[in-house]
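Asker: Provided below for reference: sequence and predicted model.
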2 protein chains.
Amino acid sequence: MSYQAENAKVREAVLLAGDAVGDAIEHWGFRKALGRVWTSLYLSSEPLTANDLAKELKMSAGAVSMTLAELRRWGVVQRALRPGERREFFEAETDFWKMISRVFRERERALAVSCRDRLAQAAEMLEKAEKSRESRETHQRLRKLVALSQLALAILDTFIASQTADFSSIGKLLQFAPKRGAKS
Amino acid sequence: MSYQAENAKVREAVLLAGDAVGDAIEHWGFRKALGRVWTSLYLSSEPLTANDLAKELKMSAGAVSMTLAELRRWGVVQRALRPGERREFFEAETDFWKMISRVFRERERALAVSCRDRLAQAAEMLEKAEKSRESRETHQRLRKLVALSQLALAILDTFIASQTADFSSIGKLLQFAPKRGAKS
DNA sequence: ATGACATTTCAATAAATTCTGAAGACATTG
DNA sequence: CAATGTCTTCAGAATTTATTGAAATGTCAT
């Protein structure tokens, strides 16, 4: 039996933690429910069933099923098949770095690339446009936006590549970030 | 007159860029409209009126007004008062770092602190709870979550403090991030 | 003060997102 | 293979968020 059999204090603490994690990952574009379910699994001393989670978190069976499916797609929750058990059990991935870097690699990076590409495309359109004074200025600023998106992508890539925990390169990269006071 | 008088290519490029920026900041919890309006102002060679923006971005007067108000609250758009002009003109802040660091300072930081505090509070609740084997394990994992949130906050603070463009300290901090393969 | 615009506000509406609950699929056991 | 318990799916409900449009407010020139 899970910690559901434990005293109310423990359950309350787990829910509080789940809420905190839920809010945090909501800021990263995930549904809050994902954070709550992951946290309950992560903090549980043993794998839980969908039903356990539904009761603990007061979610419908459907919501739990969909949430678990999404968590599994992200590789942050695994099935924990138990011999001799009809029901499925689930457990949380515990390697934070693995989870975080995956999201950065598959999600944040795609956004950064798409943003950079579209800005670059816009800049290219201006190359071809008639070169009035105004459009020149617009073009120059657009190039700065492209450069910023490029920098963001480079930082992201450095972070992603640093799976070996050598982060020093990020420091070097950031030296080139715009300095305070340097308006243009 | 603004670049609205320019040829269609320029306007199209500005809209494309605005969309890209809008999507990017949407990921940071802002409305897409904020990114589009800011981009139009930033790329314009001169300040624009609310009306210019409404026409260019096909937004209602009300939406433009609210969006400009929010952008001004974030200090990323300023009024550009023009002597002898009835209407108000607006121009974009051009210092990226100023804008980004402000958002980190006022928004991301608040989230990180709240998350850390709530996790710490949950952990504290477990200190007091009866110490069964299960709750001990839960407690241990919860402490790891607290440590992670603490690390995230430290990175954020380092980033915010690095207004002088010395980012090397971030590299040092990150040395303590969980290493790949180090499961626990 | 009045008229002519410009801007803000906000209730109503629209759009987007999330959740529920029930039907059906699937698997296991007797 | 029927009965039972579990899991998934998805249309509709509920909720949240964003936008509109129009009334209210403000501003300036006459």
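Answerer: That came in fine, so what should we check first? Numbers count the residues shown, from 1 in each chain, chains lettered A, B, ... in the order given.
Asker: which residues touch the residue of chain A found nearest DNA strand C?
Answerer: Nearest residue of chain A to DNA strand C: A:Gly62, at 2.2 Å (CB to the nearest atom of the strand). C-betas here are computed from N, CA, C, even on glycine. Neighbour list for A:Gly62: empty [criterion: CB atoms under 8 Å, 6 or more residues apart in numbering or on different chains].
Asker: So A:Leu57 sits against A:Asp19, correct?
Answerer: No. Proximity of A:Leu57 to A:Asp19 does not meet the contact threshold set by CB atoms under 8 Å, at 10.2 Å.
Asker: so what sits against both of the two?
Answerer: A:Arg36.
Asker: Could you list the residues of chain A in contact with DNA strand D?
Answerer: A:Thr49, A:Ala50, A:Asn51, A:Ala61, A:Gly62, A:Ser65, A:Met66, A:Leu68, A:Ala69, A:Arg86, A:Arg87, A:Glu88 (CB under 7 Å from any atom of the strand).
Asker: Restricted to helices, list these.
Answerer: A:Ala50, A:Asn51, A:Ala61, A:Gly62, A:Ser65, A:Met66, A:Leu68, A:Ala69 (DSSP state H).
Asker: Scan these and report the most crowded one.
Answerer: Using other CB atoms under 10 Å in any protein chain shown as the neighbour criterion, A:Leu68 leads those with 20 neighbours.
Asker: tell me the centre residue of chain A?
Answerer: Nearest to the geometric centre of chain A sits A:Val103, at 4.3 Å (CA atoms, centre = their mean).
Asker: those strands in chain A, which residues are they?
Answerer: For chain A, applying DSSP state E gives strands covering A:48-49, A:77-79, A:89-92.
Asker: Among these, show me which one is buried the most.
Answerer: Most buried of the strands of chain A by mean neighbour count (mean count of other CB atoms under 10 Å in any protein chain shown) is strand A:48-49; its value is a mean of 21.
Asker: Partner strands of it and their direction?
Answerer: strand A:89-92 (antiparallel) (DSSP bridges).
Asker: Show me chain A divided up by domain.
Answerer: Under the assignment automatic domain parsing, the domains of chain A span A:3-92, A:96-174.
Asker: I'd like those domains written out as TSV, with distance to B:Cys115 added.
Answerer: Shown next, in TSV, are the domains of chain A (distance: least, CB to CB, whole Å):
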stretch	distance to B:Cys115
domain A:3-92	5
domain A:96-174	14
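Asker: hmm, back to that, farthest pair in the residues of chain A next to DNA strand D?
Answerer: Spatial extent of the residues of chain A next to DNA strand D (CB to CB) is set by the pair A:Met66 and A:Arg86 at 21.3 Å.
Asker: out of the strands of chain A, nearest to A:Ser149?
Answerer: Of all the strands of chain A, strand A:77-79 comes closest under CB to CB, at 32.7 Å.
Asker: which strands and helices sit next to the closest one?
Answerer: helix A:32-43, helix A:61-73, strand A:89-92 (3 or more CB pairs under 8 Å, 6 or more residues apart in numbering or on different chains; DSSP states H and E).
Asker: Serialize these to JSON lines and add fields for mean pLDDT.
Answerer: Shown next, in JSON lines, are the helices and strands packed on strand A:77-79 (pLDDT from 0 to 100):
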{"stretch": "helix A:32-43", "mean pLDDT": "98"}
{"stretch": "helix A:61-73", "mean pLDDT": "97"}
{"stretch": "strand A:89-92", "mean pLDDT": "97"}
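Asker: picking that back up, tell me which of the strands of chain A approaches A:Ser135 most closely.
Answerer: strand A:77-79 (51.5 Å).
Asker: That closest one close to DNA strand C?
Answerer: No. Using CB under 7 Å from any atom of the strand, strand A:77-79 stays clear of DNA strand C, coming no nearer than 12.4 Å.
Asker: Distance from the chain centre to that strand, please.
Answerer: 18 Å (CA atoms, centre = their mean, to the nearest Å).
Asker: Over to stretch A:8-22?
Answerer: Distance, stretch centre to chain centre, for stretch A:8-22: 21 Å (CA atoms, centre = their mean).
Asker: and what of stretch A:113-132?
Answerer: 29 Å.
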